[in-house]
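Visitor: No letters, just coordinates:
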């Protein structure tokens, strides 16, 4: 049985107006129907989530959030809880993105966010990735630490909907030429799968999609999806251009 492929668009703060967001969502809803076999996810900013969710309500496109509060109690100014996201129309949430980690989000907070997402019925997309590649292979240790701290003794309910997105920090925000090469990505996918099997169990690990993010563009998406073993992509800036985003989705069509 062919495994699903996924393309997740992370708008970050690139799209800020409801008019632009709605226009994009309408076009995506119409054109993505001609690309079957790919699960498309879209993560707009919090303020645009309800409007985008409304447009895509009847479409086979999931809408989610870019982060979630790690806390359950109410005294956290500015935080957005899992229940609030669910009420907005979210079905998933990106957790542990490198830009959030750079702002001080710790491994412990990442784990708590996964648990909060699971409690709210949201699918967690766990982001992992090294800041730089080391000749001695030290970056593999960092990936192992991120996976272990986030997933060790994870409740089965949380693991059931889990997606892992590998995003090497050094490759984010650059061109396709600077992205990780397919053979290196394949090596990392194998390493991640091995660790998931050890942390969770082999049966669960085999069901967890592994995505790649880091300068994914129309120019390199096809080679990466066919030669590296990833299940799809987490796309940043390119997901805000409808033509580029559709091209990346098209590349994942089996």
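Guide: Sure, I can see it. Bear in mind that the values here come from a model prediction, so they are computed numbers and not experimental data. Residues are numbered from 1 along each chain as shown.

Visitor: Contacts only, for residue 244.
Guide: Contact analysis of residue 244 by CB atoms under 8 Å, 6 or more residues apart in numbering lists 217, 218, 238. All C-beta atoms are positioned from the backbone trio N, CA, C, and that covers glycine.

Visitor: Kindly recompute the last result at 6 Å.
Guide: 218, 238 (CB atoms under 6 Å, 6 or more residues apart in numbering).

Visitor: check which helix or strand covers it.
Guide: Applying DSSP states H and E as the criterion places residue 244 in helix 242-251.

Visitor: Quick check: mean pLDDT of that helix?
Guide: Helix 242-251 shows a mean pLDDT of 96.

Visitor: Ok, stretch 88-101 next?
Guide: For stretch 88-101, the per-residue pLDDT averages 96.

Visitor: residues of the lengthiest helix in the chain that come out buried?
Guide: Secondary structure of the chain read by DSSP state H shows that its longest helix is helix 182-199. Buried residues in helix 182-199, defined by neighbour count with 16 or more other CB atoms under 10 Å: 182, 185, 186, 188, 189, 191, 192, 193, 195, 196, 199.

Visitor: Now distance to residue 169 and pLDDT too, for those, in CSV please.
Guide: As requested, the buried residues of helix 182-199 are exported to CSV (distance: CB to CB, whole Å; pLDDT from 0 to 100):
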residue, distance to residue 169, pLDDT
182, 19, 92
185, 15, 94
186, 20, 96
188, 13, 95
189, 18, 96
191, 17, 97
192, 16, 97
193, 21, 96
195, 19, 97
196, 21, 97
199, 22, 96
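
Visitor: Turn those residues into TSV, including distance to residue 254.
Guide: Formatted as TSV, the buried residues of helix 182-199 follow (distance: CB to CB, whole Å):
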residue	distance to residue 254
182	17
185	19
186	18
188	22
189	18
191	25
192	22
193	20
195	27
196	23
199	29
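
Visitor: And the furthest pair within those?
Guide: 182 and 199 (25.6 Å; CB to CB).

Visitor: quick revisit: and of the buried residues of helix 182-199, the nearest to residue 112?
Guide: For these, the nearest to residue 112 is residue 199 (17.1 Å; CB to CB).

Visitor: what about the closest one, distance to residue 189?
Guide: Residue 199 sits 16 Å away from residue 189, going by CB to CB, to the nearest Å.

Visitor: for residue 53, same thing?
Guide: The gap separating residue 53 from residue 189 is 31 Å, by CB to CB.

Visitor: hey, where'd the helices end up in the stretch 101-250 of the chain?
Guide: 107-119, 138-151, 156-160, 182-199, 202-207, 218-227, 242-251 (DSSP state H, counting those that start in this stretch).

Visitor: Those helices: which one's closest to residue 20?
Guide: Between residue 20 and the helices of the stretch 101-250 of the chain, the tightest spacing by CB to CB is seen for helix 242-251, at 10.6 Å.

Visitor: angle of the closest one against helix 218-227?
Guide: When axes from the mean of the first three to the mean of the last three CA atoms, to 10 degrees is applied, the directions of helix 242-251 and helix 218-227 differ by 20 degrees.

Visitor: ok, residues contacting stretch 170-184?
Guide: Stretch 170-184 is contacted from outside by 132, 168, 214, 215, 217, 219, 220, 223, 224, 227, 228, using CB under 6 Å, 6+ apart.

Visitor: OK, contacts around the second one?
Guide: Residues counted as contacts of residue 168 (CB under 6 Å, 6+ apart) are 129, 130, 180, 214.
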